[in-house]
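A.B. asks: Next one to model:
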Amino acid sequence: MCDASHYAVRAILGQRRNKVFHSIYYASKVLNGAQLNYATTEKELLAIVYALEKF
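C.D. replies: Predicted coordinates:
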């Protein structure tokens, strides 16, 4: 699961068992000056890329 806000991106690695989501690992990072100017869709994609690199 990934998400982006105005100032940071975050990702959660987890698994679903018996229709219940269990978190395994949390990761987040604050955006730098250039990334703060990204459009919303670019920030969401940045969150996905961050999650793939992190996990």
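
A.B. asks: can we go C-alpha only for contacts and neighbour counts from here?
C.D. replies: Will do.

A.B. asks: So in this structure, where's the weakest helix or strand by average pLDDT?
C.D. replies: Lowest by mean pLDDT, DSSP states H and E among the helices and strands of the chain is strand 2-4, with a mean of 93.

A.B. asks: Show me what that strand pairs with in its sheet, parallel or antiparallel.
C.D. replies: strand 8-17 (antiparallel) (DSSP bridges).

A.B. asks: for the partner strand, which positions count as buried?
C.D. replies: 8-12 (16 or more other C-alpha atoms under 10 Å).

A.B. asks: With distance to Lys29 and pLDDT as extra columns, can I get the residues you listed in JSON lines?
C.D. replies: Listed next are those as JSON lines, based on distance: C-alpha to C-alpha, whole Å; pLDDT from 0 to 100:
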{"residue": "Ala8", "distance to Lys29": "6", "pLDDT": "97"}
{"residue": "Val9", "distance to Lys29": "6", "pLDDT": "97"}
{"residue": "Arg10", "distance to Lys29": "6", "pLDDT": "96"}
{"residue": "Ala11", "distance to Lys29": "9", "pLDDT": "96"}
{"residue": "Ile12", "distance to Lys29": "12", "pLDDT": "95"}
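
A.B. asks: circling back: show me what counts as buried in the least confident helix or strand of the chain.
C.D. replies: For strand 2-4, a neighbour-count test (16+ other C-alpha under 10 Å) marks 2-4 as buried.
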